[in-house]
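Peer 1: Below are the sequence and a predicted model; questions follow.
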Amino acid sequence: MHYPLQALRTFVEVGERGSVKAAAQALHVTPGAVSQQIRVLEQRLGVVLLERERLGMRLSAAGASVHPKLLNAFLQIEQALQALEAGKGRQSLTVSTVATFAASWLVPRLGRFQQLHPGIEVRVEATSELVDLRRDRVDVALRHGLGDYPGLDVLPLMAPVLVPVAAPAFLQSREAVIAEAADCLNHPLLHEGERADWPLWLQAHGVAPDPRAQRGSAFDDDFLLIRAAEAGQGLALVAQAYAQHEIAAGRLVQVLDKPWPARFAYYAVTQPGARERPAVRAFLDWIEHEAAQ
């Protein structure tokens, strides 16, 4: 019997993600198209593979019995195509990172990697969303966080020092007393575009998760973030190097001078064993060298 490959692929994605909508996004089709493919496959096989739940889809007993084998089969297809591509003399590498890091640090340096390794084609995906390295076909994820990535290989890269700053007039008008990291939550916070720095910085200082850490205006550019802080709009968490001039001129004040949590850093994250691939090893060796500069 001939089985439709696209329908099998769709079933694998829905089973892996537990959601028709998430599978549709991964496959770049509509949720209706995903549902249709599942119906075609179930009719062809004569069994129910997926059962609807209140919060999504779950594998039926029949679906659970075949899903791991199909998942592995598609993984083998992908590996075979990667091997074919490598045999042609060119290798591809997909790197996922947040947009601000891609624009301000990675992309300006990427030309040096291409000069060293002209046979490796690098594709940069700029997103702040969490990625599943295997499922989303990402070779290297560059993330700003605390290094907690269970089951993955983690390479620390660098820890740019971020400091909380505010305008002197802002602190005086609010009679602000900021002696601990948690005290920052009592004041308006100004964020970078992804709104990730304040929650991570507070967590690194031992502050429990708090919804106030996500509140406040956000700015995609560090220059705009510093200008907003200078204008007295709130507390900003900015790279120490960027704010040095404003602090020296008295336009900004560093509101806390506490030991820097070294865990709050940039990391390169890969699947176990991924470094055995020459392209991944070359990229990790290069970016580790660049970060050390």
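Peer 2: It's in.
Peer 1: residue boundaries of the strands in the stretch 1-150 of the chain?
Peer 2: 50-53, 56-59, 91-97, 120-126, 140-145 (DSSP state E, counting those that start in this stretch).
Peer 1: Given the first one, what are its sheet partners and their directions?
Peer 2: This means strand 50-53. Using DSSP bridges, strand 50-53 pairs in its sheet with strand 56-59 (antiparallel).
Peer 1: Send me the partner strand as CSV with only the CA atoms.
Peer 2: The C-alpha trace of strand 56-59 is given here as CSV (Å, rounded to 0.1, in the frame of the first residue of the first chain):
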residue,chain,number,x,y,z
GLY,A,56,-4.8,20.3,22.0
MET,A,57,-4.2,16.9,20.6
ARG,A,58,-2.7,13.7,22.1
LEU,A,59,-1.6,10.5,20.5
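Peer 1: Show me what counts as buried in that strand.
Peer 2: Within strand 56-59, the residues scored as buried using 16 or more other C-beta atoms under 10 Å are 57, 59. For the C-beta atoms, the positions are set from N, CA and C on the backbone; glycine is no exception.
Peer 1: quick one: contacts of that strand?
Peer 2: Residues outside strand 56-59 that contact it (C-beta atoms under 8 Å, 6 or more residues apart in numbering): 14, 15, 18, 19, 20, 49, 50, 51, 67.
Peer 1: what does stretch 101-110 give?
Peer 2: 95, 97, 122, 124, 126, 142, 144, 222, 266, 290.
Peer 1: Got the domain ranges for this structure?
Peer 2: Domain assignment for the chain by automatic domain parsing gives 5-85, 90-159+264-292, 162-254.
Peer 1: Would you mind putting those domains into JSON lines with mean pLDDT alongside?
Peer 2: Shown next, in JSON lines, are those (pLDDT from 0 to 100):
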{"stretch": "domain 5-85", "mean pLDDT": "85"}
{"stretch": "domain 90-159+264-292", "mean pLDDT": "87"}
{"stretch": "domain 162-254", "mean pLDDT": "90"}
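Peer 1: Could you tell me which of the contacts of strand 56-59 count as buried?
Peer 2: Buried, going by 16+ other C-beta under 10 Å: 14, 15, 19, 20, 49, 50, 67, out of the contacts of strand 56-59.
Peer 1: Let me have those in TSV, adding distance to residue 206 as columns.
Peer 2: Below are these laid out as TSV (distance: C-beta to C-beta, whole Å):
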residue	distance to residue 206
14	40
15	39
19	35
20	40
49	46
50	43
67	41
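Peer 1: Looking at the residues you listed, spot the one nearest residue 196.
Peer 2: residue 19 (23.9 Å; C-beta to C-beta).
Peer 1: ok so residue 184 is a helix residue?
Peer 2: Yes - looking at residue 184 with DSSP: H, G, I helix; E, B strand; the rest coil, it is inside a helix.
Peer 1: hang on, it packs against residue 163?
Peer 2: No - using C-beta atoms under 8 Å, residue 184 is not in contact with residue 163, being 11.3 Å away.
Peer 1: neighbour count winner among these two?
Peer 2: Legend: neighbour count by other C-beta atoms under 10 Å for residue 184 and residue 163, higher for residue 184 (25 against 22).
Peer 1: Show me what the longest helix seen in the chain packs onto, helices and strands only.
Peer 2: Longest helix of the chain, by residue count under DSSP state H: helix 61-87. When contacts are defined as 3 or more C-beta pairs under 8 Å, 6 or more residues apart in numbering; DSSP states H and E, helix 61-87 sits against helix 5-17, strand 91-97.
Peer 1: how about these in a markdown table, adding distance to residue 255?
Peer 2: Below are those laid out as a markdown table (distance: least, C-beta to C-beta, whole Å):
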| stretch | distance to residue 255 |
| --- | --- |
| helix 5-17 | 42 |
| strand 91-97 | 29 |
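Peer 1: what's the closest of these to residue 273?
Peer 2: Comparing the helices and strands packed on helix 61-87 by C-beta to C-beta, strand 91-97 comes nearest, at 15.6 Å.
Peer 1: For that closest one, which strands pair with it and how are they oriented?
Peer 2: Under the rule (DSSP bridges), strand 91-97 has strand 120-126 (parallel), strand 140-145 (parallel) as partners.
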